[in-house]
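Trainee: Provide a 3D model corresponding to the input given below.
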Amino acid sequence: MQLRDDEIQRVLDYQHVFGGEQGQRVLEDLRKFCGVYRTSFTNDPYTCIYNEGRRDVVLRIERMVKLDSERVLASRSLGEDYTTEE
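Mentor: Coordinates of the predicted model:
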């Protein structure tokens with residue numbers, strides 16, 4: 001899947017916001033708050049699903065920040081999508 005210009009800009013925006021020292025501190029706070037370091041399992045399936053949703057938000061941010069900017073920009077001509085989980 002080829003990335004559109006707005007998708008490329010979104011990746012670059014995530015990297016700008018969370019790539020620096022302050023962004024990394026905020027991301028660490030989100031990891032703790034959203035339960036990245038603990039299990040999301042509970043006996044209540046609705047609570048479990050809710051917990052997984054919280055974790056997924058932080059995992060998306062982490063994926064976007066870790067992407068190689070040059071590969072994302074090159075994806076326009078390569079027709080590849082580097083923003084989704086493999």
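Trainee: which helices and strands does the lowest-mean-pLDDT helix or strand in the chain pack with?
Mentor: The least trusted helix or strand in the chain, going by mean pLDDT, DSSP states H and E, turns out to be helix 69-78, with a mean of 77. Helices and strands touching helix 69-78, as assessed by 3 or more C-beta pairs under 8 Å, 6 or more residues apart in numbering; DSSP states H and E, comprise helix 5-18. (Each C-beta comes from the backbone N, C-alpha and C, glycine too.)
Trainee: quick revisit: export the least confident helix or strand of the chain as CSV, just CAs?
Mentor: Presented in CSV, the C-alpha positions along helix 69-78 are these (Å, rounded to 0.1, in the frame of the first residue of the first chain):
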residue,chain,number,x,y,z
SER,A,69,11.9,8.7,8.2
GLU,A,70,13.8,8.2,5.0
ARG,A,71,12.0,4.9,4.3
VAL,A,72,8.7,6.5,5.0
LEU,A,73,9.4,9.3,2.6
ALA,A,74,10.7,6.8,0.0
SER,A,75,7.6,4.7,0.4
ARG,A,76,5.8,7.1,-1.9
SER,A,77,7.7,5.7,-4.8
LEU,A,78,8.1,2.2,-3.5
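Trainee: separation between residue 51 and residue 27?
Mentor: Plainly put, residue 51 is 18 Å away from residue 27 if you go by C-beta to C-beta, to the nearest Å.
Trainee: which one in this structure is furthest away from the centre?
Mentor: Computed with C-alpha atoms, centre = their mean, the residue of the chain farthest from its C-alpha average is residue 43, at 27.3 Å.
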